[in-house]
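S.K.: Compute the structure for the input listed below.
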Amino acid sequence: MMDDLIPHLISENGAVFTDVHDGNWYVRGNMRRWVKNGGPMMIFQGTSFGVQGSIAKVISNAYGVKEVLLDGEPMACGERGFNAPQVNTTAEQEHQVSFVMYPISPMLRVLGYSYSNEDSTGYIRMLVDDETGYGMVHYPDVPESGKEPFSVTYYINESNVDTLTTMELQYDLMLETNGVKKQVTTGYKGAKLARWVDRTKAIDTVYLNISQPLVQGDYTSGTFTVDGSAPYTIEDRQGYWEHEDIWDLTGNGSVPAVLGDQYYRFIRVNLKDGYEGYKFDKKNPPKIKIRGLNRECDSIDVRVANDERSLGVSLASHPSEVIQSAWGTVTGLRAGSLVGGVNIRPKDSHFDFEIKEVQRIKNGVVYSTSPDEVIDPDYTYRIKLVGTGKQGMTFRNGPEQYDITFHYYLNTNVKLRMNNTVGNFADYTDAPYDKASQAYTIELTPEPDAFEYDYLSLGAPYPWAGDCPKFNNNWITGLPGGVTVRNYSWFDVKSGARLGENTPFVAGRSYRFEVILDCEDGYYLADPEIMDAYVNGNKALVAEAEGNGTAITVEYSLAVSSGLRGQVVSFHDGSDVTVSLFAAGSAQPKYTVAVPAGEKSGGKYTAVYDIPEAAPGTYTMQVSKKNHVTREYTVTVSGSAKTQNAEIWLLGDVNADGRVNAMDCTRLFTHVNKTQPLTDAYALKCADVNRDSRVNAMDCTRLFTHVNKTQPLW
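M.R.: Residues are numbered from 1 along each chain as shown. Predicted coordinates for the structure are as follows:
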């Protein structure tokens, strides 16, 4: 039994000790947690043993009570019938704090609780010192039997905040055992310090809902609301996004949400009537979460009113960009496979596709399909799909709709290809939007149940002298559908050592590049003796790799220590970028490389090109892309590697912002009327939209017909 009680006791120095006094065995210490059924108990020698101690500290869960401290003097040695006072502060609804005392034996009972003037009575009282009065006496309610727990209670004044209250419990009990009266406890005093706190609950997060996101091309604004269960309401002062200049999105304006412009909104949040138990903490304002926007606000400013019953929220945000074109690859549409396995893999990370329905068609008759149905190569399959934007971008589902004034598509265009194509842009097919089904639709012929490739032309990093190898499977280009990169490696030819990411390529040394390819189910690479493979235009060795893989290997006799490389920034779409080098006086390029436009970021595409074979000399470098104006640079390649970066603009993009719209018409007009002449030679080439080698009013007219879409430039 002692072992069961010891965990509940602890003295000031952390020890629990025992002793024998007046024929009783005591375990002494300060109680740190409750014992079941009311606390430490003592039974006389011969039946059990007793416990003596006091509560050192109680942290209260009571409404309005922050902390309770009870420090007590040890009880006088001798027999006792009630345990040391405990504190009950769990009466949250009643706003009270009680001292409770429990009888420790059914053989004992209390005889009195008023002031004692004889040995025949006892007393219990509580003195309270607070702002309501000093020396207030509170007498406990002692059960008539004298054998039940009794308590003395102090009721909390709800208006008291940050008030210190001192309570003193005094008692002198007279107990009766077998008809013998005896005073068994004397001289115990307990001092209680209670600190009241603000009982209102601070709201840490305010959730706002908006009915439509702020998106490029919008003329209207979404409405802000809050959930009906929220303890607050809102006031949307203007009810629309205000433009930083004058083009507010009221629904009646002539200028839609412009991608690069900022818009503002002010919301007032008020606590509902009847929610006096809540507040907005002025020192720690709540977070604002907005549900319904496609991109995060640029800034959110929160200011709490002095009464902490309301707050103002100021929002500033740029519109989300509408994805102009979304490319995807249809996978799983293969004879013998299940319809449920058909999927569309997006070309980049800014969007996802969702298939809404797959139908099969034969002789003009349309049939529905189920996920567990086997794909039949004798049918054409119609796929219906929609898209969802990611990373702050908006995928706007809808028919092709072009803004002739601001020159962009209001809805996203979808282009798809089959999995067994290499992926050049010529292989992509437009998927028009069908208003009836509210989805993009495309009809495709299933791939055969097995497809074998006997030709590969891969692009891969070069071993540039002084650079360390970098490893990213996405840098291996030219992969056909159903073929993936497991990994690739670099080896020093002479030593055979594998290069790590911190080992630089050394000029004058030979290196071997090896990439391991895997095939998805139903796709195969031809046997090594049949496969015709190239890496960066160099004939590659093909061999089998463990795990049913295929190893493609090419050697570089020397690390690349000369030649030309760099990056090209372009716009509009992911079409390939071409870089050509022309020797002096030559009309034919000596070197030409076509590379993917690269990943889109911030409205720009960044391509990486390498021409390591470029011999020393001075060249005219031409950089071109579909719908862009070819740009020329003069570059000199010497004995070391040369880096030349480039940027090309769309035809008609006079202000070089990556778009062709009314702003370019305005800029071109200021050049033509000589109020703000264009001085950059390349900008003049972009402004020469009719390509007559002059920039004049004719170009203004031609550019306007492109902007209003009566005669597009491209």
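S.K.: Pull the contacting residues for residue 572.
M.R.: 324, 627-628, 650, 658 (C-beta atoms under 8 Å, 6 or more residues apart in numbering). In this view, the C-beta of every residue, glycine as well, is placed from N, C-alpha and C.
S.K.: Which of those ranks first by neighbour count?
M.R.: With neighbours taken as other C-beta atoms under 10 Å, the top of the contacts of residue 572 is residue 650, carrying 24 neighbours.
S.K.: wait, what's in contact with it?
M.R.: 571-572, 627-629, 658-660, 686.
S.K.: Apply 10 Å and report the result again.
M.R.: By C-beta atoms under 10 Å, 6 or more residues apart in numbering, residue 650 lies in contact with 407, 570-572, 625-629, 656-660, 664, 686, 713-714.
S.K.: For beta bridges, what are the partners of it?
M.R.: Beta-bridge partners of residue 650, counted by DSSP bridges, are residue 628.
S.K.: one step back: can you put the contacts of residue 572 in TSV and add pLDDT and distance to residue 385?
M.R.: Formatted as TSV, these follow (pLDDT from 0 to 100; distance: C-beta to C-beta, whole Å):
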residue	pLDDT	distance to residue 385
324	89	17
627	90	26
628	94	30
650	94	29
658	88	28
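S.K.: Now for these: which two are most distant?
M.R.: Of all pairs drawn from the contacts of residue 572, the greatest distance, 15.1 Å, lies between 324 and 628 (C-beta to C-beta).
S.K.: From the structure, what's the count of residues near the closest residue to residue 511 other than its chain neighbours?
M.R.: Of all residues beyond its chain neighbours, the one nearest residue 511 is residue 463 (4.6 Å), with distances taken as C-beta to C-beta, 6 or more residues apart in numbering. A count of neighbours around residue 463, defined by other C-beta under 10 Å, yields 22.
S.K.: Tell me how far residue 463 lies from residue 554.
M.R.: When C-beta to C-beta, to the nearest Å is applied, the distance between residue 463 and residue 554 equals 11 Å.
S.K.: again, but for residue 641
M.R.: 20 Å.
S.K.: same deal with residue 400?
M.R.: Computed as C-beta to C-beta, the residue 400 to residue 554 distance reads 43 Å.
S.K.: With neighbour numbers in mind, choose between the two.
M.R.: residue 554 (20 against 13).
S.K.: before we move on, back to that, pLDDT value on the residue nearest to residue 511, please?
M.R.: Residue 463 carries a pLDDT value of 91.
S.K.: check contacts around it.
M.R.: Applying C-beta under 10 Å, 6+ apart, the residues near residue 463 are 469, 490, 499, 504-506, 509-513, 556, 558-561, 612.
S.K.: 6 Å - rerun?
M.R.: Residue 463 is in contact with 505, 511, 556, 559-560, counting by C-beta atoms under 6 Å, 6 or more residues apart in numbering.
S.K.: would you list those in CSV and tack on pLDDT, distance to residue 382 and neighbour count?
M.R.: Output for these, formatted as CSV (pLDDT from 0 to 100; distance: C-beta to C-beta, whole Å; neighbours: other C-beta atoms under 10 Å):
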residue, pLDDT, distance to residue 382, neighbour count
505, 92, 51, 22
511, 94, 50, 22
556, 89, 48, 20
559, 81, 52, 21
560, 81, 49, 21
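S.K.: which of these lies closest to residue 419?
M.R.: For the contacts of residue 463, the nearest to residue 419 is residue 556 (31.9 Å; C-beta to C-beta).
S.K.: Any idea what that closest one is bridged to?
M.R.: Residue 556 forms beta bridges with residue 511, as assigned by DSSP bridges.
S.K.: I'd like to know how far it sits from residue 507.
M.R.: Distance from residue 556 to residue 507, by C-beta to C-beta: 12 Å.
S.K.: residue boundaries of the helices in this structure?
M.R.: Listed in chain order, the helices of the chain (DSSP state H) span 2-5, 662-672, 681-687, 697-707.
S.K.: Make sure residue 244 is actually in contact with residue 262.
M.R.: Yes: the criterion here is C-beta atoms under 6 Å, and residue 244 meets it with residue 262 at 4.9 Å.
S.K.: okay, these two: which has more neighbours?
M.R.: The neighbour count for residue 244 versus residue 262, taken as other C-beta under 10 Å, is higher for residue 262 (16 against 11).
S.K.: residue contacts, that one?
M.R.: With C-beta under 6 Å, 6+ apart, residue 262 has these contacts: 244, 316, 318.
S.K.: wait, which of the residues you listed is closest to residue 566?
M.R.: residue 318 (30.5 Å).
S.K.: that older thread, would you show me how to pick out the buried ones of the contacts of residue 650 in PyMOL?
M.R.: Buried residues within the contacts of residue 650, by 16 or more other C-beta atoms under 10 Å, are selected in PyMOL with:
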select buried, resi 407+570+571+572+625+627+628+629+656+657+658+659+660+664+686+713
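S.K.: what residue ranges in this structure are flagged as low confidence?
M.R.: Where the chain drops to pLDDT under 70, the residues are 1-199, 422-426.
S.K.: how's it carved up into domains?
M.R.: Following the assignment in automatic domain parsing, the chain carries domains at 54-196, 201-319, 322-444, 451-556, 563-647, 662-707.
S.K.: my guess is residue 553 meets residue 517, correct?
M.R.: No: assessed by C-beta under 6 Å, residue 553 is found out of contact with residue 517, at 11.4 Å.
S.K.: Looking at the two, which one has more neighbours?
M.R.: residue 517 (23 against 17).
S.K.: give me every residue that touches the more buried one.
M.R.: Residue 517 neighbours (C-beta under 6 Å, 6+ apart): 483, 550.
S.K.: cutoff 8 Å now
M.R.: Shown in contact with residue 517 (C-beta under 8 Å, 6+ apart): 479, 483-486, 525, 549-552.
S.K.: Same question for residue 648.
M.R.: Counting by C-beta under 8 Å, 6+ apart, residue 648 makes contact with 568-570, 577, 623-625, 628-631.
S.K.: Show me which of those residues is closest to residue 329.
M.R.: Of the contacts of residue 648, the one sitting nearest to residue 329 (C-beta to C-beta) turns out to be residue 577, at 21.0 Å.
S.K.: what about that closest one, how many neighbours?
M.R.: 27.
S.K.: Same check on residue 409?
M.R.: By the criterion of other C-beta under 10 Å, residue 409 has 17 neighbours.
S.K.: Distance check, the residue nearest to it when sequence neighbours are not counted against residue 232.
M.R.: Nearest residue to residue 409, sequence neighbours excluded (C-beta to C-beta, 6+ apart): residue 324, at 5.2 Å. According to C-beta to C-beta, residue 324 stands 40 Å off from residue 232.
S.K.: what touches both of residue 463 and residue 554?
M.R.: Both residue 463 and residue 554 are contacted by residue 513, under the criterion C-beta under 8 Å, 6+ apart.
S.K.: if I pick the nearest residue to residue 580 once chain neighbours are set aside, what's in contact with it?
M.R.: Excluding its sequence neighbours, the residue lying closest to residue 580 (C-beta to C-beta, 6+ apart) is residue 589, at 3.8 Å. Shown in contact with residue 589 (C-beta under 8 Å, 6+ apart): 580-582, 622.
S.K.: for residue 645, same thing?
M.R.: By C-beta under 8 Å, 6+ apart, the contact set of residue 645 is 566-569.
S.K.: swap the cut-off to 6 Å and go again
M.R.: By C-beta under 6 Å, 6+ apart, the neighbours of residue 645 are 566-567.
S.K.: cool, residue 505 as well?
M.R.: Contacts of residue 505 by C-beta under 6 Å, 6+ apart are 463, 465, 467, 559.
S.K.: Relative to residue 480, how far out is the last one?
M.R.: Distance from residue 559 to residue 480, counting by C-beta to C-beta: 30 Å.
S.K.: Then the first one?
M.R.: Distance of residue 463 to residue 480, given as C-beta to C-beta: 25 Å.
S.K.: what does residue 577 give?
M.R.: Residue 577 sits 21 Å away from residue 480, going by C-beta to C-beta.
S.K.: ditto for residue 664
M.R.: Residue 664 sits 40 Å away from residue 480, going by C-beta to C-beta.
S.K.: now the strands for the stretch 451-600 of the chain?
M.R.: All strands of the stretch 451-600 of the chain, identified by DSSP state E, counting those that start in this stretch, fall at 451-453, 455-458, 483-492, 511-519, 523-525, 532-535, 538-539, 541-545, 549-556, 563-570, 577-583, 591-595, 600-601.
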